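Engineer: my questions are about this predicted structure, shown below with the sequence.
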Amino acid sequence: MQSVLQEWVMELPLREQGTLLTCVRGCDDEPKIWTRTGVAYSPGRRLTAFIRWCFMVPADPREVDIEEGAFMMSTPPDPFKPSEFGHLPQHWYSHAMHALEVIGYRHPDTNISHTARQLYKAMVHNMHLNCETSMQMIVRLSEDRIVNKTVVS
């Protein structure tokens, strides 16, 4: 059976898949800027469209990048300025940031993973946080629970 998820996503642990799925829906609080074609655009919507493209299978590949504001876009906002998201809920911001982290560490295409990692790092820096390593992310999102600072099998 065909899935909307790309094959590489199906190989991820469930919590990593879930992290990606939290970004399918964009931020409801994102103000809309209407393009000449009548489609809503904003940097947050563009980032969400890029994240979708990184891990989902388009129903019709001809509709990817068809116009600004498309459901899936193969490039992120350029220039990418995480400070443009300061008016949006931190909840949405953290979902987008963590989805980019999963894509950055797990996507099989090195160009896509590199781009996603750079976006993740920019969003982390914007929040004055430290980036997780790949292993730190894997442990945090693993099926195991950490008790007394040791991993329980």
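Structural biologist: Perfect, I can see it now.

Engineer: now for I33, how many residues are close by?
Structural biologist: A total of 13 residues lie near I33 under the criterion other C-beta atoms under 10 Å. Using the backbone N, CA and C atoms, a C-beta is placed for each residue, glycine as well.

Engineer: check which helix or strand S94 maps to.
Structural biologist: Taking DSSP states H and E as the definition, S94 sits inside helix 90-106.

Engineer: average pLDDT across the next helix or strand along the chain from that helix?
Structural biologist: Using DSSP H and E, the helix or strand that follows helix 90-106 towards the C-terminus is helix 110-126. Helix 110-126 shows a mean pLDDT of 98.

Engineer: what comes up buried for the following helix or strand past helix 110-126?
Structural biologist: Where DSSP H and E defines the elements, the next helix or strand beyond helix 110-126 is helix 134-140. By neighbour count on 16 or more other C-beta atoms under 10 Å, the buried set for helix 134-140 is 137-138.

Engineer: equivalent analysis for stretch 85-92, please.
Structural biologist: Quick answer for stretch 85-92 (16+ other C-beta under 10 Å): 85, 88, 92.

Engineer: got those as JSON lines, with distance to P76 columns?
Structural biologist: As requested, the buried residues of stretch 85-92 are exported to JSON lines (distance: C-beta to C-beta, whole Å):
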{"residue": "F85", "distance to P76": "13"}
{"residue": "L88", "distance to P76": "16"}
{"residue": "W92", "distance to P76": "16"}
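
Engineer: still on that earlier bit, now the angle from the helix holding S94 to helix 110-126?
Structural biologist: Relative orientation of helix 90-106 versus helix 110-126 (axes from the mean of the first three to the mean of the last three C-alpha atoms, to 10 degrees): 140 degrees.

Engineer: go ahead and name everything in contact with helix 90-106.
Structural biologist: 8, 12, 16, 19-20, 22-23, 26-27, 29, 44, 47-48, 51, 54-55, 85, 112-114, 116-120, 123-124, 127, 132, 134, 137-138, 141 (C-beta atoms under 8 Å, 6 or more residues apart in numbering).

Engineer: just the buried residues from those residues, in ChimeraX please.
Structural biologist: Selecting only the buried entries of the contacts of helix 90-106 in ChimeraX, with 16+ other C-beta under 10 Å as the criterion:
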select :12,16,19,20,23,26,27,44,47,48,51,54,55,85,112,113,116,117,119,120,123,124,132,137,138,141
